[in-house]
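Undergrad: sequence first, predicted coordinates after that:
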Amino acid sequence: MASLSREEVAHVAQLARLNLTDEQLDTFTPQLAAILANAADVEALDLDDVPPTSHPYPLQNVWRPDVVRQSGVRDAVLAAAPATQDGMFRVPSVLGDAP
């Protein structure tokens, strides 16, 4: 495991503007050391022959076609509205009358 001192964790916390208690420093120091050790393991891997990828599976545009269709609920929704006009909700004017 990577060596990491309690003072280094306190310094990083201060840089991040975190106020950690002594108990939190005691808890987080070995946790951060373990994280850094795992990162060092990943960094040590030989990835020269591994091609860069953005996704683990070769997926391409798996969306459904964009097709306009009737939902069948428009009339029911408008029927529940307090006021409608020309197939739309009618609401009180908030900007006054149109010029």
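TA: Now that the structure is in, tell me what you want to look at.

Undergrad: who does the helix or strand where Val77 lies touch, helix- and strand-wise?
TA: For Val77, the host element (DSSP states H and E) is helix 74-79. Taking 3 or more C-beta pairs under 8 Å, 6 or more residues apart in numbering; DSSP states H and E as contact, there are no helices or strands that helix 74-79 lies on. Using the backbone N, CA and C atoms, a C-beta is placed for each residue, glycine as well.

Undergrad: what lies in contact with that helix?
TA: 84, 87-89 (C-beta atoms under 8 Å, 6 or more residues apart in numbering).

Undergrad: again with stretch 44-53
TA: So stretch 44-53 is in contact with no residue, going by C-beta under 8 Å, 6+ apart.

Undergrad: ok, now how distant is Leu18 from Val12?
TA: Using C-beta to C-beta, to the nearest Å, Leu18 is found at 8 Å from Val12.

Undergrad: I meant Ala34, not that one.
TA: Applying C-beta to C-beta to Ala34 and Val12 gives a distance of 15 Å.

Undergrad: for the protein, what helix or strand is lowest in average pLDDT?
TA: helix 74-79 (a mean of 90; mean pLDDT, DSSP states H and E).

Undergrad: tell me which residues are up against the following helix or strand past it.
TA: Toward the C-terminus, helix 74-79 is succeeded by strand 84-85 as the next helix or strand (DSSP H and E). Contacting residues not belonging to strand 84-85 are listed as 78, 90 [C-beta under 8 Å, 6+ apart].

Undergrad: direction included, what does strand 84-85 pair against?
TA: strand 88-89 (antiparallel) (DSSP bridges).

Undergrad: remind me, longest helix of the protein?
TA: Identified as the longest helix of the chain according to DSSP state H is helix 22-43.

Undergrad: and the furthest pair within the contacts of helix 74-79?
TA: Gly87 and Phe89 (9.5 Å; C-beta to C-beta).
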